[in-house]
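**Student:** Need the 3D shape of this:
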Amino acid sequence: MRDDQSGTIEWPDGGFPGIRVNPESLLPEIISEETCAAALEASTDPAERVLVLLVEGRAADAAELLAEARYKDPESFRLRAYEADVLRVSHRYDRAVELFRQLLSEAHGTANEALAHQYLGQAYFSAGNIGAAVESFARALDLRVAQSADAALIYSSTVALQRARDVFELAS
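**Tutor:** The predicted model follows:
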């Protein structure tokens, strides 16, 4: 976690106030404890609490809260993606990739397809499967551009794709 935002202004948005994506690790980090805590206090969405717990690396706590939230909203794409992300945070990469691939097949042709590719790319990157990460991030970027997605989402995919390509080239 980081308490200051110096040097993080170019980091992609992490999907919640006070959270940004580290362009080296491609993982979200809390860059402003105060901003994140204030937004969390004002939130009534359990998915946002799950996200913050995942960013903090508290997979067990996130899984517990996620189970309650999924009980109330079992079809939520976002909650199902966080379920797979709990596995990634727990370093159970094969299982996380499997669940993200399942979500991707279900999201094919929908507005969630780009998000599924982005999450899958992040799981591949964390697992060290950089070639697959490049493919997933490239597909996410293509879909986001084609869908005229928010500029922050396009930027996030661009940064992730470039980082994965850089790592892939260094390994070659």
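**Student:** got the contact list for the residue most central in space within the chain?
**Tutor:** Using C-alpha atoms, centre = their mean, the residue of the chain that lies closest to the mean C-alpha position is Tyr119, 5.2 Å off. When the contact criterion is C-beta atoms under 8 Å, 6 or more residues apart in numbering, the partners of Tyr119 are Ala81, Ala84, Asp85, Phe100, Leu103. Every C-beta, even on glycine, is put in place using the N, C-alpha and C of the backbone.
**Student:** and the nearest residue to Pro17 once chain neighbours are set aside, what helix or strand is that in?
**Tutor:** Residue nearest to Pro17 in three dimensions, not counting chain neighbours: Ala39, with 3.9 Å by C-beta to C-beta, 6 or more residues apart in numbering. When secondary structure is defined by DSSP states H and E, Ala39 falls within helix 33-42.
**Student:** could you measure Asp85 against Ser136, distance?
**Tutor:** Distance check for Asp85 against Ser136: by C-beta to C-beta, to the nearest Å, it reads 14 Å.
**Student:** Next secondary structure after the helix or strand containing Tyr71?
**Tutor:** Tyr71 belongs to helix 59-72 when assigned by DSSP H and E. Note on helix 59-72: by DSSP H and E, the next helix or strand toward the C-terminus is helix 77-89.
**Student:** In the next helix or strand after that next one, which residues are buried?
**Tutor:** Secondary structure here is assigned by DSSP H and E; on that basis, the next helix or strand after helix 77-89 toward the C-terminus is helix 93-107. For helix 93-107, the neighbour count (16 or more other C-beta atoms under 10 Å) marks Tyr93, Ala96, Val97, Leu99, Phe100, Leu103, Leu104, Ala107 as buried.
**Student:** Sounds good, over and out.
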